[in-house]
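*Asks:* my questions are about this predicted structure, shown below with the sequence.
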Amino acid sequence: MECQKPHCVNGAPWNGGKSLAGNVCEHLCSKKFGETRYCGSGDKYAAGSIVNCTLCKASVQKPAVAKIEDTLRIREAILEEARDRLINWYHDEDQLTLPYWETRAKVRQTKHWYLCDAPDGDMKVPITFGEFNVSDVRPAQLFNILVDIEGQLKWDESMSEAKIVKEFPEDGVVAADLGFPSGFWLVPPREVFQWIAFNASVEQQDYWFAISSLNVEAIHKVQKPNKLAVQAQNCLGAYWIRPCPAGGEKICPSGNPYDCCPEGGSRIIFTSHVNVHPPGFLNAKTMFDLSWTKQIDWINSLKARAREVQKNETAKAAQTPVLPKWLWQDPGEPKKGSVPFSFPHAMVIAPSKLYERSAFPLSLHSTTSLFIFTLAAAASVLIFVVMRAHRTFIWMKEGHDSRILLARDRGEADDME
């Protein structure tokens, strides 16, 4: 039983993970992460209270085809990938950079970069992980704020548009169209089409919110892309919202004793995989070093909104998801959906070069502040170049040697003159 799905699921290929064969693991099932084990081989899967499933190979009759895209709808595919990354990937310290800390939150990225682009693209970007606590707001309240896509315009100032395009009940998801202005006339806005999946356990106070911009051609048939905007992607973004333990934490999993999760509060662990298609002179490392605190601003805005909403909610309303049940409840044995969908699982590449052209996934569910920073940085550099060229032109027009202007900038003008 422990070797079978849903008790044991596909492991991540980059750390020795293996795919199930006919919903059964034929290798090792790892120790439990939450209530789930992961199929694989090697050191990562052999530590702790594991289950040896190698004998299952001979006893299980395999189906002729066992592809993930043939057995899961969009909802289940997105949620399974989200659980894999937040439960399995996020706890593999060897694959992540050291965390950046700011005001009781931490953000970090993968050392490797992974494919995230339009269907015909090949751009690779790292994956972001992080976590933070909200000390005085319950998980259901945070969940309800995040799932109110159009309501984000009330508190997320980086967005210009947020609307639900269509519900896809047969696939268990909704489709959304998000817009992000650049704030500069020289730089076009960004647009993101995405599938949104939900899962909620009111009794256990366990909530999942996950999105993906993969395979969105079906959404484009309903809502045409904005021709004036650059189409960006968040290939997999997710939140996992849980309550702080009774009595508060004694050992802090975030590694920061100052920020133990207090009783009555919530912990959010998140991931995102964003490609905003920046200009070629911007790179992932520079963008992260300069802009990761923008994500902290987004977190603080979310906290402020949660506390504002909390004042106006009854205790009963605060525990109930503001979604139709078909969106947040598991369907049992779902049938294949109407839209072809799959995640590229063989995405591992060599560790990134420091200045390889890429975008860095810094934001959360709607990619928020990274868009603004990227576009602002591009415009700032362009404006600087234009102003410098104009200054040089005026200097030369007045009969001066342009070399003296350059020397003055370097503090060498006296020698030149």
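*Replies:* Right, received. Where do you want to start?

*Asks:* run through the neighbouring helices and strands of the helix or strand that contains Trp298.
*Replies:* Using DSSP states H and E, Trp298 sits in helix 284-310. Applying 3 or more CB pairs under 8 Å, 6 or more residues apart in numbering; DSSP states H and E, one finds that helix 284-310 contacts strand 100-102, strand 105-115, strand 124-134, helix 139-147, helix 368-397. Quick note: C-beta positions are derived from backbone N, CA and C, even for glycine.

*Asks:* ranked by average pLDDT, which of those falls at the bottom?
*Replies:* When the helices and strands packed on helix 284-310 are compared by mean pLDDT, helix 368-397 comes last with a mean of 48.

*Asks:* tally of neighbours for Thr54?
*Replies:* Neighbour count of Thr54, defined by other CB atoms under 10 Å: 12.

*Asks:* that one: what secondary structure?
*Replies:* Here Thr54 is recorded as coil under DSSP: H, G, I helix; E, B strand; the rest coil.

*Asks:* please report how far it lies from Met1.
*Replies:* 16 Å (CB to CB, to the nearest Å).

*Asks:* which intervals of this protein have sub-threshold pLDDT?
*Replies:* Scanning the chain for pLDDT under 70 picks out 56-71, 103, 251-259, 280-291, 313-319, 334, 344-417.

*Asks:* which residue ranges form the helices in it?
*Replies:* 43-46, 56-59, 68-71, 74-83, 139-147, 217-220, 284-310, 315-318, 325-328, 368-397, 402-410, 413-416 (DSSP state H).

*Asks:* buried ones in stretch 31-40?
*Replies:* Using 16 or more other CB atoms under 10 Å as the test for burial, stretch 31-40 gives 32, 36-40.

*Asks:* with stretch 167-177 instead?
*Replies:* So for stretch 167-177, counting by 16+ other CB under 10 Å, buried means 168, 171-177.

*Asks:* do stretch 92-102 as well
*Replies:* Buried, per 16+ other CB under 10 Å, within stretch 92-102: 95-96, 99-102.

*Asks:* so what's the closest residue to Phe343 other than its chain neighbours up against?
*Replies:* Of all residues not flanking Phe343 in the chain, Glu81 sits nearest, at 5.1 Å (CB to CB, 6 or more residues apart in numbering). Residues in contact with Glu81, defined by CB atoms under 8 Å, 6 or more residues apart in numbering, are 210, 212, 236, 343.

*Asks:* quick one: Glu81 and Thr128, what's the gap?
*Replies:* Counting by CB to CB, the gap from Glu81 to Thr128 is 15 Å.

*Asks:* before we move on, what about Val173?
*Replies:* Distance from Val173 to Thr128, by CB to CB: 22 Å.
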